[in-house]
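Student: Got a predicted model here, sequence first, then my questions.
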Amino acid sequence: MTEVISVRFRGGCKNYFFDPRGTQVKMGDQVIVETAQGPEFATCTEGNHEVEDSAIVKPLCAMLRKATEADCRTVEHNKKKESEAFDICEKKIADHGLEMKLVNVSASFDGNKIIFYFTADGRVDFRELVRDLAAVFRARIELRQIGVRDEAKMIGGLGICGRPFCCSQFLDGFMPVSIKMAKTQNLSLNPTKISGTCGRLMCCLKYEQNAYEDAAKRMPKVESFVQTPDGPGNVKSVDLLRETMKVCLDSALPSEPLKTYRGCEVRVLRNGKGSREGIEIPERPARYVEEKPEEEFIAPVITATPFYMDSHLEDAPVREKMGVEGSESGKPRRRHRGGRRRGGKPAGDLVKPDGRQAAQPKSGEENKSGQGNQKPRPPKQQGPKQPQQPKPEAKAAEGGDGGEAKRRRRPHHRGGRRRNKGGEGGPAPKSE
């Protein structure tokens, strides 16, 4: 086991191992490492850890130091230098009339070397271009021809899936992709649908290829002769992702649709096209039954008796709002629409100006409205009576206003009589 750190260079996705030489480095730290091209600026992606000796390419290069503020300023200066070199190189390419496309420019950390990346359809004679660039920058000039996939990795962008390019995000290297992968996955062979922005087959075709190849080994081929729970038939199509197949039964009518079966429901009698002669048809396999998950038992929740159903009425002050607790007059209070009860009796108890309770009509008497008699209500349990407070109207009648309060009448309103100031539900006192 060897202690190493993993670093990643600017514009790359591949990690490289370097010897930390006893220095503790954390993920995200910027370091200066020694490479075959000289010192380079890199970012640590994994701190000190141990790896197998077989995973190391010897000789293992060492880390020089952690990056300082001066190193960071040098990197920023190199970026400005690269931008200027890109514009100058494009002008030189146009002056020499070369058929090449400049993609990117990279300068070394010490500034002694500048690399120009370009794409071209064929070989390009750029010897004169190199001389002109060396005279301008006074540094070592290198021109590298790259492919369209490398161009997409350097420039970056968004794919047809809406996400950034895989090659510019996490892929260490390019994987070989063939049109056979698209056929195995039952994809459209239209080049515009299976090609990336670079014009080559999409790299993501390789991601699920192993899963499709494993499913293809378990599923029969098209036109295979199989035995199903409904009888023998031929396979017409196979869905490798769901591991299902559509079978045309021998006993099916021409207008009857194809039936779908799972891979575990059929027995392959002949894999692929061929003759049925000499094939013994076995018993029908069992039909697949999907097991339903057992429902969890939920115990019933037993709650205590609500307080408004308690037998102790005096301990339930909410009953006064619900019409169960007696009013100050000792009788239940009920609210009715229109302000009056059935039979012409006004809502609430009648209270005289002197504070006494008015006499209630008997159950056998008819009221003035001419309606029928009302049945007597059974007496309800009531709480202890509270001392009755004199009403404001009664106090005014006892004062020295000459009994004018008795002759006051409140106007009628739609929907019944208005409540008096004392908050009782009865009508205003009648005038003499």
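Tutor: Perfect, I can see it now.
Student: Tell me if residue 65 really is in a strand.
Tutor: Yes - checked against DSSP: H, G, I helix; E, B strand; the rest coil, residue 65 lies within a strand.
Student: any idea how far residue 36 is from it?
Tutor: Distance, residue 65 to residue 36, by CB to CB, to the nearest Å: 19 Å. (Each C-beta comes from the backbone N, C-alpha and C, glycine too.)
Student: Neighbour count: the two, which is higher?
Tutor: residue 65 (12 against 6; other CB atoms under 10 Å).
Student: ok, the more buried one - contacts?
Tutor: 23, 31, 32 (CB atoms under 8 Å, 6 or more residues apart in numbering).
Student: and with 6 Å instead?
Tutor: With contact taken as CB atoms under 6 Å, 6 or more residues apart in numbering, residue 65 is in contact with residue 32.
Student: For it, give its distance to residue 41.
Tutor: Applying CB to CB to residue 65 and residue 41 gives a distance of 11 Å.
Student: do the same with residue 26
Tutor: For residue 26 relative to residue 41 (CB to CB), the value is 17 Å.
Student: Which of these two has more residues huddled nearby?
Tutor: With neighbours defined as other CB under 10 Å, residue 26 and residue 41 compare such that residue 41 has more, 19 against 11.
Student: what lines up beside whichever strand or helix holds the more buried one in the sheet?
Tutor: In this structure, residue 41 sits in strand 38-51 according to DSSP states H and E. Applying DSSP bridges to the sheet, strand 38-51 is found paired with strand 2-9 (antiparallel), strand 30-35 (antiparallel).
Student: Just say helix, strand or coil for residue 88.
Tutor: helix.
Student: What separation do you get for the closest residue to it other than its chain neighbours and residue 266?
Tutor: Using CB to CB, 6 or more residues apart in numbering and skipping residues adjacent in sequence, the residue nearest residue 88 is residue 136, 6.1 Å away. To residue 266, residue 136 is 73 Å away according to CB to CB.
Student: Tell me which of the two has more neighbours.
Tutor: A direct count of neighbours by other CB under 10 Å for residue 136 and residue 266 places residue 266 higher, at 22 against 14.
Student: I'd say the more buried one and residue 225 touch.
Tutor: No - Residue 266 is beyond contact range of residue 225, at 10.2 Å (criterion: CB atoms under 6 Å).
Student: On the three-state scheme, residue 161 is what?
Tutor: Applying three-state DSSP: residue 161 is coil.
Student: Let me know the pLDDT of it.
Tutor: According to the per-residue confidence, residue 161 scores 86 in pLDDT.
Student: repeat for the one 5 residues further on
Tutor: The predicted structure scores residue 166 at 88 on the pLDDT scale.
Student: On the three-state scheme, it is what?
Tutor: coil.
Student: so how far is residue 211 from it?
Tutor: Taken as CB to CB, the span from residue 166 to residue 211 is 18 Å.
Student: So for the two, which sits in the more crowded spot?
Tutor: residue 166 (20 against 12).
Student: what sits against the more buried one?
Tutor: residue 203.
Student: So which bits of the strand holding residue 41 are buried?
Tutor: 40, 41, 42, 44, 46 (16 or more other CB atoms under 10 Å).
Student: ok, now which ones touch the third one?
Tutor: With contact taken as CB under 6 Å, 6+ apart, residue 42 is in contact with 7, 9, 31, 33.
Student: Tell me which stretches of the chain form helices.
Tutor: Assigned helices in the chain, in chain order: 69-96, 127-137, 148-155, 179-184, 191-194, 209-218, 319-322, 392-398 (criterion: DSSP state H).
Student: Tabulate these (a markdown table), appending distance to residue 18 and mean pLDDT.
Tutor: Output for the helices of the chain, formatted as a markdown table (distance: least, CB to CB, whole Å; pLDDT from 0 to 100):
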| stretch | distance to residue 18 | mean pLDDT |
| --- | --- | --- |
| helix 69-96 | 16 | 90 |
| helix 127-137 | 29 | 89 |
| helix 148-155 | 23 | 89 |
| helix 179-184 | 36 | 90 |
| helix 191-194 | 39 | 88 |
| helix 209-218 | 32 | 90 |
| helix 319-322 | 80 | 46 |
| helix 392-398 | 96 | 45 |
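Student: Distance to residue 286 for the ones you listed - can I get that in a markdown table?
Tutor: A markdown table is the format used below for the helices of the chain (distance: least, CB to CB, whole Å):
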| stretch | distance to residue 286 |
| --- | --- |
| helix 69-96 | 69 |
| helix 127-137 | 75 |
| helix 148-155 | 51 |
| helix 179-184 | 30 |
| helix 191-194 | 40 |
| helix 209-218 | 18 |
| helix 319-322 | 64 |
| helix 392-398 | 90 |
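Student: From residue 1, how far off is the residue lying closest to residue 155 once chain neighbours are set aside?
Tutor: Excluding the flanking residues, the one nearest residue 155 by CB to CB, 6+ apart is residue 103, at 7.0 Å. Here residue 103 is placed at a distance of 40 Å from residue 1 (CB to CB).
Student: now swap in residue 69 and tell me
Tutor: 35 Å.
Student: ok, now residue 165?
Tutor: 36 Å.
Student: Neighbour count: these two, which is higher?
Tutor: Taking other CB under 10 Å, residue 165 and residue 1 do not tie; residue 165 has more neighbours (20 against 8).
Student: ok, and the closest non-adjacent residue to residue 169?
Tutor: Going by CB to CB, 6+ apart, residue 169 has residue 13 as its nearest residue, at 6.9 Å.
Student: which residues does the one you found contact?
Tutor: Contacts of residue 13 by CB under 6 Å, 6+ apart are 170, 171, 172.
Student: how many neighbours does the first one have?
Tutor: In other words, residue 170. Counted with other CB under 10 Å, residue 170 comes out at 9.
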